[in-house]
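below is the sequence, then the predicted model.
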Amino acid sequence: MEARRLAILCSHLNPAGPYPARDSILRVSDCSSGEDKVESSNLQNDCVFCKIVRGESPCLKLYEDDMCLCILDTSPLIHGHSLIIPKLHYPTLEETPPSVVAAMCSKVPLISNAIVKATDSDSFNLLVNNGAAAGQVIFHTHIHIIPRKERDCLWTSESLHRHTLKLDKEASQLASRVREQLCRPPEEQLVQPSS
């Protein structure tokens, strides 16, 4: 029983392979070449990630399964900076179905461990830039895995301007507003574009 459950849980964990020879590692992704692959109607013509999924743009693929793929970032903050992207186009996290978010997040332990070991790093940051104000540049949901080493000159918790939470009326009202939003139907929870 335990073996069957483990097999089901791990059934989607198939690294992209076979791995290409070292001299031909940069190649066009073939992640949507078959009839049973991603439907082109769920992709955007001008989205760089959709082009990668369709095999129209080159990428350095680290992992692939039926829901998502992981590639090296072409503008990395640090060596090994990678992106987990869903194979279907969802502009923001709010528009991404929970099952897709779960599939992407379920790959984080496997992929991040491999990246940390391959880059001789100590740890990693997991980051989602969701929306323009948060720094999202490509509007196709994706998760950044950023390997980190001590004194790597990226950022530290100490470098962020953090303030101690004051347990006052304002904080209490904020907590109440968030809980109120969580009780609303999912379709009412989507972030509406500001006018």
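Perfect, thanks for sending it.

chain neighbours aside, what residue packs nearest to the residue nearest the centre of the chain?
Central residue of the chain (CA atoms, centre = their mean): Ile143, 2.0 Å from the mean position. Using CB to CB, 6 or more residues apart in numbering and skipping the chain neighbours, the partner closest in space to Ile143 is Ile84 (4.4 Å). Glycine gets a C-beta too; all of them are placed from N, C-alpha and C.

follow-up on the earlier one: list the contacts for the residue nearest to the centre of the chain?
83-85, 104-105, 108, 126-128 (CB atoms under 8 Å, 6 or more residues apart in numbering).

would you mind measuring from it to Cys183?
Distance, Ile143 to Cys183, using CB to CB, to the nearest Å: 27 Å.

what's the answer for Ser99, then?
Applying CB to CB to Ser99 and Cys183 gives a distance of 22 Å.

centre of the chain versus stretch 156-170, how much separation?
Taking CA atoms, centre = their mean, to the nearest Å, one finds stretch 156-170 lying 26 Å from the centre of the chain it belongs to.

ok so, going back, shouldn't the residue nearest to Ile143 be within a strand?
Yes - assessed by DSSP: H, G, I helix; E, B strand; the rest coil, Ile84 belongs to a strand.

that one contacts Ile111, doesn't it?
Yes - look at Ile84 against Ile111 with CB atoms under 8 Å: they come within range, at 6.7 Å.

what segments of the protein are strands?
27-28, 58-59, 61-64, 68-72, 82-86, 123-127, 143-148 (DSSP state E).

now the ones you listed as TSV including mean pLDDT and distance to Trp155?
Below are these laid out as TSV (pLDDT from 0 to 100; distance: least, CB to CB, whole Å):
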stretch	mean pLDDT	distance to Trp155
strand 27-28	34	33
strand 58-59	94	26
strand 61-64	96	24
strand 68-72	96	21
strand 82-86	98	18
strand 123-127	96	9
strand 143-148	97	9
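
need those strands in CSV (columns: distance to Val137).
As requested, the strands of the chain are exported to CSV (distance: least, CB to CB, whole Å):
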stretch, distance to Val137
strand 27-28, 22
strand 58-59, 17
strand 61-64, 21
strand 68-72, 15
strand 82-86, 12
strand 123-127, 13
strand 143-148, 11
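
for the closest residue to Asp73 other than its chain neighbours, which residues are in contact?
Among residues not flanking Asp73 along the chain, His81 sits closest, at 4.4 Å (CB to CB, 6+ apart). With contact set as CB under 8 Å, 6+ apart, His81 has these partners: 72-73, 144-147.

ok, the residue nearest to Ile143 to Cys105 distance?
Taking CB to CB, one finds Ile84 at 8 Å from Cys105.

more neighbours: the two, which one.
It is Ile84, of Ile84 and Cys105, that has more neighbours when counted by other CB atoms under 10 Å, with 25 against 13.
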